[in-house]
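Novice: Provided below for reference: sequence and predicted model.
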Amino acid sequence: MNNLPAIIPILIVVLSAAAAMLAEAFRQPGERMPIAGLGLIGLVGAGAASYFLWDKDAQSFGVVRADNFALFINIILCIIGVLTMVFSNDVVEREDIPGGEYYALTLFAISGMMLMVAATDLLVIFLALEVLSLAVYVLTGIRRESAEGAEAAFKYFLLGAFSSAFFLYGIAFAFTIAGSTRLDEVGKAMASAPHATLAMLAVALLAVGFAFKISAVPFHMWTPDAYEGAPTIVTAFMSTGVKAAAFGAFVRVFLSTLQPLEGHWVPVLAVIAGATMIVGTVVGVLQSNVKRMLAYSSIAHAGYLLLGIVAASEDGKAAVLFYLLVYAVANIGALGIVALLGTAEHPHDQLRDFAGLWRARPGLAGLMTVFLLSLGGFPPTAGFIGKWYIFAAAVRDGYYSLAIIGVLSSVVSVFFYLRIVVMMYMTEEAAAPARPRVSGPAMAGLALAMLATFYLGVLPTRVIEYAVESVKAIV
Amino acid sequence: MLEAIAFYGLAALILGFGVMVITARSAVHSVVFLVLNFLAVAVVYVVLGAEFLAVIQVLVYAGGIVVLYLFVVMLVNQKRTPEAHHDPHRKTGLGIMLASAVLAEVTAIVVYTASAPSASPIPVSSPVVGGNTEQVGWLLYTDYLIAFEVASMLLLAAMVGAILFARRMD
């Protein structure tokens, strides 16, 4: 029984996924079922379990470790999941998405994400990565009548399978050196590093696998297409959840297991971080589709997060965790609003669709403004503190040029966030189909996300302390 | 030494077949090369002393999965290659040769079994399973329990996705 506690949050989410599948199986054709509620129960349960496991450092079967680091990201994932469920309840039927499968796959993806962060064995990390990837590939193309969706899913799947192969090869080389896939064993073997070439290969291939999932340049090509083609609610989910999980595992593998080889991979990641920030921002400016624009914005944010990994101090790691939370709340809020305003025929994802939103829906326009300002890094929103914390860590570690690139690219990125804001407030509404009504729970979810954005921006100390405490698990 | 030669020979074969899989022009040929590729990998397992894995490799991959591939190729590629229609007698010689080989084989079996009626039926003792089945089973349910269970979860998620895409639109 001692083995179980660490996997309880994951088990709860898996069970709720199974419940969603069963609910769909017993649903009469045409009957409405609150399947999102099942998911909500599971996610809240998983969040509570994570809370009770705090500081316990529970381990399961030697391959899953619910240390504070994993639990912190678990909580982020639960927040993402809860918001996704709340928004989905509005969107799924309207967008003609098959409900049971949608919720089941989303919950499977969340369980994979949680496992990926908590796993301390490369093999389990890989399997968890595949669980979440497969679920997200399917979710991308879940609207089968949409040609863009099919194209996006296909591209994402092919490139994703390719990157999985890279990752698997990296694991194989690590196994060759260590004779085990356990992270601690691999770490020990890397520290003595008798076969330097093999170690380099392992590090390089693992880095490619991770860089693909976090959509870092030059492995970002799939991101705009996948984010644009997927139903918006799925975009909101995957742009936050996949990133949180992949960064969690990235930090765990690179900053503890592969720490001994730091001298080799830090310069490479530094270049990737710089390129990612620049490309995400510069190309983002040129977009007129809001989903595509937010896709490039998410690439730029991956660059900022990479900066935290490059500045591999305690501060850097804590900054990554804090930023993941800040980014998740703001991004899922912004994309959630796009999803809530869209219908299957009219996705509401062009820049001009936002014209006059302030007159028509002042509440939503206000919320959208807050989320966009947070993404752009304005005080007093959370984005400002998050960015400041990351750039400060980078400067303290001596990465001045990267910090400057970061500041400049966030200044440029403000331009495209403000374009939406200007559109909402200062442009007259064009003749467009009526926007759908947003339900109470969805509004409540958005309001909570907004409150979190302000709370993390004005009183960040407490959460930052939690973040600092949780990265102590990653030595 | 011998093992190294075997390994490098097999590795060359595996790579060669792998290249053939993606360069073969007809999908059926690709699949056949894939079978050869899988079989060569199975031989590598045997060389490594992992007989159980080798058997599974042949049963599941070379046997099951490739047959599925062939079905897909068959169902998707419905148009025949034109030359097959032009000359129906193109491969008659080969056909007769293969057919007579099969005939000879069947005849030989019949004659052999008929000439030895006293042979006792094959003993039904449990076959001696190659060494490491127990070890594999043991590892799967101890060290790799989580990986094993997660793999089943992965398959479940994949199944949901596959059914979702394959189901008729209604």
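Specialist: Arrived safely, thanks for sending.
Novice: CA only for contacts and neighbour counts going forward, please
Specialist: Fine.
Novice: Least confident secondary structure element in chain B?
Specialist: The weakest-scoring helix or strand in chain B, judged by mean pLDDT, DSSP states H and E, is helix B:83-86 (a mean of 56).
Novice: what sits against the closest residue to A:Ala216 other than its chain neighbours?
Specialist: The shortest distance from A:Ala216 to any non-neighbouring residue, by CA to CA, 6 or more residues apart in numbering or on different chains, is to A:Thr276 (5.5 Å). Counting by CA atoms under 8 Å, 6 or more residues apart in numbering or on different chains, A:Thr276 makes contact with A:216-218, A:299-300, A:302-303.
Novice: Now restrict the residues you listed to buried residues only.
Specialist: Among the contacts of A:Thr276, the ones that count as buried by 16 or more other CA atoms under 10 Å in any protein chain shown are A:216-217, A:299-300, A:302-303.
Novice: quick check, nearest of the contacts of A:Thr276 to A:Thr235?
Specialist: A:Ile299 (13.3 Å; CA to CA).
Novice: so the closest one is in which element?
Specialist: helix A:290-310 (DSSP states H and E).
Novice: packing partners for that helix?
Specialist: On a contact count with 3 or more CA pairs under 8 Å, 6 or more residues apart in numbering or on different chains; DSSP states H and E, helix A:290-310 meets helix A:222-229, helix A:232-252, helix A:262-285, helix A:314-341, helix A:382-396, helix A:400-426.
Novice: ok and the shortest one relative to helix A:232-252, angle-wise?
Specialist: Okay, so that is helix A:222-229. Using axes from the mean of the first three to the mean of the last three CA atoms, to 10 degrees, the inter-axis angle of helix A:222-229 relative to helix A:232-252 is 150 degrees.
Novice: Go ahead and name everything in contact with helix A:222-229.
Specialist: So helix A:222-229 is contacted by A:140-141, A:148-153, A:155-156, A:159, A:215, A:235, A:239, A:291-293, A:295-296, A:299 (CA under 8 Å, 6+ apart).
Novice: export that helix as PDB, just CAs?
Specialist: This file holds the C-alpha atoms of helix A:222-229, laid out as PDB (Å, rounded to 0.1, in the frame of the first residue of the first chain):
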ATOM      1  CA  TRP A 222       3.600  22.600 -36.200                       C
ATOM      2  CA  THR A 223       2.400  25.000 -33.500                       C
ATOM      3  CA  PRO A 224       0.600  27.700 -35.600                       C
ATOM      4  CA  ASP A 225      -1.200  25.100 -37.800                       C
ATOM      5  CA  ALA A 226      -2.200  22.900 -35.000                       C
ATOM      6  CA  TYR A 227      -3.400  25.700 -32.800                       C
ATOM      7  CA  GLU A 228      -5.300  27.300 -35.600                       C
ATOM      8  CA  GLY A 229      -6.900  24.100 -37.000                       C
END
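Novice: For it, give the mean pLDDT please.
Specialist: The average pLDDT within helix A:222-229 is 93.
Novice: all helices for chain B, in order.
Specialist: For chain B, the helices defined by DSSP state H occupy B:2-23, B:27-47, B:51-56, B:66-76, B:83-86, B:92-115, B:133-141, B:145-166.
Novice: buried sites along the last one?
Specialist: Same thing as helix B:145-166. Neighbour-count burial for helix B:145-166 [16+ other CA under 10 Å]: B:146-148, B:150-151, B:153-154, B:156-158, B:160-161, B:164.
Novice: Just send those residues back as a markdown table, with pLDDT and distance to A:Leu77 too.
Specialist: Shown next, in a markdown table, are those (pLDDT from 0 to 100; distance: CA to CA, whole Å):
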| residue | pLDDT | distance to A:Leu77 |
| --- | --- | --- |
| B:Ile146 | 91 | 21 |
| B:Ala147 | 92 | 21 |
| B:Phe148 | 92 | 24 |
| B:Val150 | 94 | 19 |
| B:Ala151 | 94 | 21 |
| B:Met153 | 93 | 19 |
| B:Leu154 | 94 | 19 |
| B:Leu156 | 94 | 21 |
| B:Ala157 | 93 | 19 |
| B:Ala158 | 93 | 22 |
| B:Val160 | 92 | 22 |
| B:Gly161 | 91 | 22 |
| B:Leu164 | 90 | 25 |
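Novice: Sounds good, over and out.
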